[in-house]
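A.B. asks: Here is my input, please return the structure:
(one chain, ligands or ions: 2)
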Amino acid sequence: MSLKKQNQPNQDVEDSIDYLNLLVASGLALGEVADADELLSMMAETAMIMGNCEGCTVYEADEESLRFKLTRNRVLESRGVKAPLKNYTLPIDLKTAAGFVATSKKPLNIADVYNLPSESPFSFNPSFDVMTNYRSRSMLVIPMSDSRGNVLGVLQLINHLTGENFSGEVTPFPHRVEAYLKALSSQCGVVLRNMRMAEELKKSRIETVKKFVKASEYHDTDTGGHIERMSRYSVLLYRQLGFDDSSSEVMRLASMLHDVGKISTPDAVLKKPGRLTPEEFEIMKLHTVKGYEVLRGADSPFLQMGATIAYTHHEKWDGSGYPRGLKGSEIPAEGRVVALADVFDALCSRRVYKESWPIDKVFDELKNCSGSHFDPEIVDIFFENLDEVLEIKAQFPANDPPASAAPANVSKIDSAENSSSAAADAQSEIKKAS
Ligand SMILES: [Fe+2]
Ligand SMILES: [Fe+2]
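C.D. replies: Ligands and ions are numbered 1, 2, ... in the order given. Next comes the predicted model:
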């Protein structure tokens, strides 16, 4: 679309229709952008078309400063001069045009930045022009505000042109253009505010879950590293199993909640260094039901998934797990995924009652348990994506407590099952560790 600047009858009306079409199109497109960088880049592109100008700079505002986000300049780009990519910031004060606009929350329309009125509180820094042999002249600076009038950024356009397709002479920005750019800037401000709020909500949700998990861990012997790693293993396996990105994001948080029910397990059982009696093991098993009871009934998808995982992460493919003895695909995929991720990490980790297992022994164990403890498809996916698994393992190194004098294979539950073979010991250790 080109915005003509000729003296034709009805030209203003035609221009207005063009501007409005651009605003509508940008409003629709802005609703689809994935992140703030894409939003600001799209805004800069649209602003340059609306402003029919040579250049554009976008700043994002926080409480005290303006952070340079991007700059475009068609003249410099045609000469092969690259825009500076530095992440510089300006204080929000009256000494620069952008700072002045962020402070006053009003647009500035300057005919020639080299001929500012003597009473102007801000000045123009010519160093970039000198460095690039460019001549800045007219400038339009617009605040990017949300619906409450908070300034979230500043849009700065340079050198308005009279001709079509970014040609002709540099002249001051017409006031009519200013009005449309204010509308564009407001659109972006609202979208940016919504994005920031969504991001803050997401962060606070993650923090809340982590605090919740930490509170339950005070009571347990597992470490935070275990939660981080097993959550990422779970997301990896879940995604490879065919679930989409948004479900996998829910899995990231939900898997962290798998053992929150342990908050109700008495210390005498949870921290008992030796073997559990059959009665104690029955108490231990209840953490699945208790976790489910705490989390179920919520509207939030991640709490719903968390409830499912808490309830089913000790079920086994062959039906020998607990609390309900579900079998095969009766066990929800979320529970099957977390079962493997949880056991894998637990066996690789040192705990107060056991040393970590050598990785080859862990792999052998997972293979041996394919079709008995674990869903064979998920075991296959695990080994098909071993590089990524090991990357996660390396990214979040264990900071586990040293093993005590307790024998490596002592389990709270092997006594409960009266088993003594090596395989049974391994199974016992898995049960306790996860
Ligand atoms: Fe558990
Ligand atoms: Fe765990």
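A.B. asks: how about low-confidence regions in this structure?
C.D. replies: For the chain, residues meeting the criterion pLDDT under 70 lie at 1-17, 19, 22-23, 26, 83-86, 166, 217-224, 352-353, 399-434.
A.B. asks: now the strands: where do they sit in it?
C.D. replies: Using DSSP state E, the strands found in the chain span residues 53-61, 65-73, 89-91, 108-110, 139-145, 151-161, 170-171.
A.B. asks: got a markdown table for those strands, with distance to Met195 and mean neighbour count too?
C.D. replies: C-beta here means a position set from N, CA and C on the backbone, and glycine is covered the same way. Shown next, in a markdown table, are the strands of the chain (distance: least, Cβ to Cβ, whole Å; neighbours: other Cβ atoms under 10 Å):
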| stretch | distance to Met195 | mean neighbour count |
| --- | --- | --- |
| strand 53-61 | 11 | 24 |
| strand 65-73 | 13 | 19 |
| strand 89-91 | 20 | 15 |
| strand 108-110 | 26 | 19 |
| strand 139-145 | 13 | 26 |
| strand 151-161 | 10 | 24 |
| strand 170-171 | 34 | 16 |
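A.B. asks: Make TSV from the ones you listed and add distance to Pro117 to it.
C.D. replies: Converted to TSV, those look like this (distance: least, Cβ to Cβ, whole Å):
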stretch	distance to Pro117
strand 53-61	22
strand 65-73	23
strand 89-91	21
strand 108-110	9
strand 139-145	14
strand 151-161	19
strand 170-171	18
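A.B. asks: nearest to Glu388, of those strands?
C.D. replies: Each of these has some distance to Glu388 by Cβ to Cβ; the shortest is strand 65-73, at 32.1 Å.
A.B. asks: where do the helices sit along the stretch 201-350 of the chain?
C.D. replies: Assigned by DSSP state H, counting those that start in this stretch, the stretch 201-350 of the chain shows helices spanning 224-240, 245-254, 267-270, 278-295, 301-312, 333-348.
A.B. asks: tell me the domain boundaries of the chain?
C.D. replies: The record assigns the chain these domain ranges, following automatic domain parsing: 11-195, 203-433.
A.B. asks: neighbours around Ala307, how many?
C.D. replies: When counting by other Cβ atoms under 10 Å, one arrives at 22 neighbours for Ala307.
A.B. asks: Need the nearest residue in space to it, chain neighbours excluded.
C.D. replies: Of all residues not flanking Ala307 in the chain, Leu295 sits nearest, at 3.7 Å (Cβ to Cβ, 6 or more residues apart in numbering).
A.B. asks: My guess is the one you found contacts Pro301. True?
C.D. replies: No: look at Leu295 against Pro301 with Cβ atoms under 8 Å: they stay out of range, at 11.7 Å.
A.B. asks: shouldn't Ser247 be in contact with Tyr238?
C.D. replies: Yes: the criterion here is Cβ under 8 Å, and Ser247 meets it with Tyr238 at 7.2 Å.
A.B. asks: Give me the more crowded residue out of the two.
C.D. replies: Under the criterion of other Cβ under 10 Å, the comparison of Ser247 against Tyr238 puts Tyr238 first, with 27 against 17.
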